[in-house]
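Engineer: the following block contains a protein sequence and its predicted model.
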Number of protein chains: 2
Amino acid sequence: MTTIEIGKKLVDLCKAGKNAEVIDKMYAPNIVSVEAMAGNPTMPQRMEGIAAVKGKNEWWHKNHEVHKAEVTGPWPNGDKFIVGFKYEVTAKSGPMAGKRFTMEEAALYTVKNDKIVQEEFFYHMGG
Amino acid sequence: MTTIEIGKKLVDLCKAGKNAEVIDKMYAPNIVSVEAMAGNPTMPQRMEGIAAVKGKNEWWHKNHEVHKAEVTGPWPNGDKFIVGFKYEVTAKSGPMAGKRFTMEEAALYTVKNDKIVQEEFFYHMGG
């Protein structure tokens, strides 16, 4: 598969809300996930391995109610592609609990042997 | 300056149509520019040096009439940031001459010592 084909598959699944399926079907076992910022001691900035990434994704969906999701792209270059995400959510826990807010980020994915081997999230928090 | 500050400066200049000023003021002399695709023998996929990048930018603006430009972001992660561009243009030369079309791309910038040392453009042409 070409990078653009893999990117379109990911975008289609995300648009359908099937983010867990992206991880199950499209991610390599040794996937590396890099956040723009460290969360807390149990949520490090860099995670490795499908179990850790699956755990992070489950945590996020358990702790956020998603009202609206917009997915744009993919935009490819070589073995990488970029996807834009815009979520309107209400946090269910933590300091933002009960607050509704918009999250906007860009994700940079790296493909190898038809599998996604790295996801890097680009965003800014706090003004 | 932080990555987000540099990203915001670039976005503000691009929104004001001052793309040439971005190159003059924000780019390192040895800037590396990577397109998603090779153009032609005089427009290679990878260019190095401020003169080549300036030339590419001037060529683009001479050969496209820009009707509308939308710039989104910046979204930072470490020493990199992503910016989204959406242009409505009419080509002035080449196979698309006289045709009006929309170009959408994401750009990934790398910062070092407060200067942009790399720009990588992510896009897909042709369906």
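Structural biologist: Everything's here; your move.

Engineer: the residue nearest to A:Arg100 when sequence neighbours are not counted: neighbouring residues, count only.
Structural biologist: Nearest non-adjacent residue to A:Arg100, counting by C-beta to C-beta, 6 or more residues apart in numbering or on different chains: A:Thr90, 4.6 Å away. For every residue, glycine as well, the C-beta is placed using N, CA and C. A total of 14 residues lie near A:Thr90 under the criterion other C-beta atoms under 10 Å in any protein chain shown.

Engineer: A:Thr90 - that's part of a helix, no?
Structural biologist: No - counting by DSSP: H, G, I helix; E, B strand; the rest coil, A:Thr90 is not found in a helix; it is strand.

Engineer: contacts only, for it.
Structural biologist: A:64-65, A:67, A:98-101 (C-beta atoms under 8 Å, 6 or more residues apart in numbering or on different chains).

Engineer: from those residues, which would you call buried?
Structural biologist: Those of the contacts of A:Thr90 that meet the buried threshold are A:His64, by 16 or more other C-beta atoms under 10 Å in any protein chain shown.

Engineer: what's the most distant pair in the contacts of A:Thr90?
Structural biologist: Spatially, the most separated pair among these is A:His67 and A:Gly98, at 13.5 Å (C-beta to C-beta).

Engineer: tell me the residues of chain A that contact chain B?
Structural biologist: Counting by C-beta under 8 Å from any C-beta of the partner chain, chain A comes close to chain B at A:4, A:34-36, A:72-78, A:80-82, A:84, A:104-106, A:108, A:120-124.

Engineer: return the subset of those lying in strands.
Structural biologist: The members of the residues of chain A next to chain B that map onto strands under DSSP state E are A:34, A:72-77, A:80-82, A:84, A:104-106, A:108, A:120-122.

Engineer: drop anything exposed from the residues you listed.
Structural biologist: A:34, A:72-77, A:80-82, A:84, A:105-106, A:108, A:120-122.
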